[in-house]
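Q: Requesting a structural model of the entry that follows:
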Amino acid sequence: MLTALRQLATARAEAEKCLGTRVAPNFRSQMSMVSSDWLIRAATAADVCRMHAIARAAYAKYVPRIGREPAPMVADYAAAIVEHDAVVIESAESVCGYMIAWPEGDAYFIENIGVDPARQREGLARIMHQT
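A: From the prediction side, this is the model:
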């Protein structure tokens, strides 16, 4: 338990350093090569900044429609990483997307999938969902 709390504190500190603001908690490793182009792996504290950047870019278009930032834009990705609920999909260049999900009973709950707008419509969300 103490180790998990330290990991959460470290991941949050990394996110706050990257974002220049406090990260509010919201909610609750393996690798899989899906092709020669894509790698799906457990997210790490080093991915927090990129996950926030993807979420902000992917969900920004909804702010004018709903009058506030949607939950993925302010989510606590550091906590999801510590809980082992986050995976990322990356190419040789960088992380292109993420998924926050966990098993619930005999099903799998997907809370959020985010893909860099520059890489949308390439099937990355589908790849993460099916893996």
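
Q: what's the following helix or strand after the lowest-mean-pLDDT helix or strand in the chain?
A: Every helix and strand in the chain was compared by mean pLDDT, DSSP states H and E; the lowest is strand 31-33, with a mean of 47. Heading C-terminal from strand 31-33, the first helix or strand you meet, by DSSP states H and E, is strand 39-42.

Q: what separates that next one from the chain centre, distance-wise?
A: The chain centre lies 11 Å from the centre of strand 39-42; the measure is C-alpha atoms, centre = their mean, to the nearest Å.

Q: which element follows that strand toward the C-terminus?
A: Per DSSP H and E, the helix or strand that comes after strand 39-42 is helix 48-59.

Q: Output that following helix as PDB, nothing but the C-alphas.
A: Listed in PDB are the C-alpha atoms of helix 48-59, where the atom choice follows Å, rounded to 0.1, in the frame of the first residue of the first chain:
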ATOM      1  CA  VAL A  48       1.400  11.300 -18.100                       C
ATOM      2  CA  CYS A  49       2.300  14.500 -19.900                       C
ATOM      3  CA  ARG A  50       1.700  13.000 -23.300                       C
ATOM      4  CA  MET A  51      -1.600  11.500 -22.200                       C
ATOM      5  CA  HIS A  52      -2.700  14.900 -20.900                       C
ATOM      6  CA  ALA A  53      -1.600  16.500 -24.200                       C
ATOM      7  CA  ILE A  54      -3.500  14.000 -26.300                       C
ATOM      8  CA  ALA A  55      -6.600  14.400 -24.100                       C
ATOM      9  CA  ARG A  56      -6.500  18.200 -24.400                       C
ATOM     10  CA  ALA A  57      -6.000  18.100 -28.100                       C
ATOM     11  CA  ALA A  58      -8.600  15.400 -28.800                       C
ATOM     12  CA  TYR A  59     -11.400  16.800 -26.600                       C
END
